[in-house]
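Trainee: 3D model of this:
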Amino acid sequence: MTKQTKPLLAITMGDPAGVGPEVILKASRHAEFYAACRPLVIGDVRILQRAAAWTNTTDLAIEAVTQPASAEYAPGRLCVLDLHNADPALIPPGQVKPEAGRAAVEYVFKACDMTMAGETEAVVTAPLNKEAMVLAGYHYAGHTELLTERTQAQKVSMLLVGPKLRVVHVSTHVSLEEAIRRVTRQRVEEVIELAQRSCQALGIQSPRIAVAGLNPHASEGGLFGNQEEREVAPAIQAARARGLNVSDPMPPDTVFLRAVNGEYDIVVAMYHDQGHIPMKLLAFDSGVNVSMGLPIIRTSVDHGTAFDIAGTGKAREESLLAAIDVAVQMVRAGIGRPSATS
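Mentor: You can find the predicted model right below:
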């Protein structure tokens, strides 16, 4: 594979006080970090140099680049678009700081804008800290909401990808009360369509889509609620009319096991924890978060900033490597190209 055929990925450093810098440095030790893509880190060289001491990567050449498209991406060298916005003296590891929250958001903005402009082909994000982000004046619930606003996307949902399970959500970062309100025919139908597109982006052309019920036992014929009959089932019928292979509303306590056992390719979950709990149980270190519905490709580690171990070098890099792999798969499938790529 030549340099010209490898997609250029914008990898954000995440919160400078969290484990993002560490997992990026540790990932760079793996051959697959460079094998299928050109990894461009959007961050701060000073923070990465600090983290190198914690991760035994002090021999790595961490270099600021000004022309990412023509830079040399190779093992032993980490190319960084240096925003120089995170002073290590003001950002101790493992502490919530507005300076860190501001820097983390600026990395995401830059990566998003570059990918929207076709300068990079996908965004891969390390974790940011919501509290630090809010302290910096950015009132977003997370990456998905930030990127939705930045790209002016209309219908975005969170997709989780693990080695044995894929899950897409009707709602994510809202209260449980609000999540119930969001289970509408229109939204469920949109997310079923996103499930179809998600699988196709990952190489599954005719996916088998399972739909979890909202209520226990998928309401048991109306005994425990009526959302399944009133909102979910009509959405399923509409999707079937378009030729999609979609299950009836299924009991949430068994649908994920059936998917893991190979009966279904993806599960539509009704709310955040319904989908995240099985995914975190099965793939805590290897899960990937994908924002489906954006005009760009965005994948992410499926873990947080882990302030409790930041600065120790203990954070694991498997999720970042998996996020890069999924991003490359989606680039190859032609997903998310708002304009000509570099």
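Trainee: residue boundaries of the strands in the chain?
Mentor: Using DSSP state E, the strands of the chain run over 8-12, 38-43, 61-64, 77-82, 122-125, 157-161, 166-169, 208-212, 245-250, 266-269, 288-292, 298-301.
Trainee: tell me which of these lies nearest to Thr148.
Mentor: Among those, strand 288-292 comes nearest to Thr148, with 7.7 Å by CB to CB. The C-beta positions use only the backbone N, C-alpha and C, and glycine is treated the same way.
Trainee: could you give the angle of that closest one to strand 157-161?
Mentor: 150 degrees (axes from the mean of the first three to the mean of the last three CA atoms, to 10 degrees).
Trainee: distance from strand 288-292 to the middle of the chain?
Mentor: Taking CA atoms, centre = their mean, to the nearest Å, one finds the center of strand 288-292 at 4 Å from the center of the full chain.
Trainee: who are the packing partners of it?
Mentor: Judged by 3 or more CB pairs under 8 Å, 6 or more residues apart in numbering; DSSP states H and E, strand 288-292 is in contact with helix 143-151, strand 157-161, helix 185-201, strand 298-301, helix 318-332.
Trainee: which of the ones you listed sits most buried?
Mentor: strand 298-301 (a mean of 28; mean count of other CB atoms under 10 Å).
Trainee: for that one, which outside residues touch it?
Mentor: Contacts to strand 298-301, defined as CB atoms under 8 Å, 6 or more residues apart in numbering, come from residues 23, 112, 122-127, 143, 147, 288-291, 319-320, 323-324, 326-327, 330.
Trainee: what pairs with that strand, and is each one parallel or antiparallel?
Mentor: Paired strands of strand 298-301, with direction, are strand 122-125 (parallel), strand 288-292 (antiparallel) (DSSP bridges).
Trainee: just these: most buried one?
Mentor: Ranked by mean neighbour count, the strands paired with strand 298-301 are led by strand 122-125 with a mean of 29 (mean count of other CB under 10 Å).
Trainee: list the contacts of that one.
Mentor: 7, 9-12, 14, 108, 111-112, 115, 143, 147, 296-301, 320, 323-324, 327-328, 330-331, 336.
Trainee: what mean pLDDT does it get?
Mentor: Strand 122-125 comes out with an average pLDDT of 97.
Trainee: tell me what the helix or strand of the chain with the lowest mean pLDDT is packed against?
Mentor: Lowest on mean pLDDT, DSSP states H and E among the helices and strands of the chain sits strand 157-161, with a mean of 87. Counting contacts by 3+ CB pairs under 8 Å, 6+ apart, strand 157-161 packs against strand 166-169, helix 185-201, helix 272-283, strand 288-292.
Trainee: 7 Å - rerun?
Mentor: The contact analysis (3 or more CB pairs under 7 Å, 6 or more residues apart in numbering; DSSP states H and E) places strand 157-161 against strand 166-169, helix 185-201, strand 288-292.
Trainee: what would these look like in CSV with distance to Ala238 and mean pLDDT?
Mentor: Output for those, formatted as CSV (distance: least, CB to CB, whole Å; pLDDT from 0 to 100):
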stretch, distance to Ala238, mean pLDDT
strand 166-169, 17, 94
helix 185-201, 5, 93
strand 288-292, 19, 89
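Trainee: for the ones you listed, which one sits closest to Ala306?
Mentor: Across the helices and strands packed on strand 157-161, closest to Ala306 is strand 288-292 (CB to CB), at 15.1 Å.
Trainee: give me the phi and psi angles of the residue lying farthest from the centre of the chain.
Mentor: Going by CA atoms, centre = their mean, the residue of the chain most distant from its centre is Leu223, 36.4 Å out. Phi and psi for Leu223, reported as degrees, to the nearest 10, are phi -70, psi -30.
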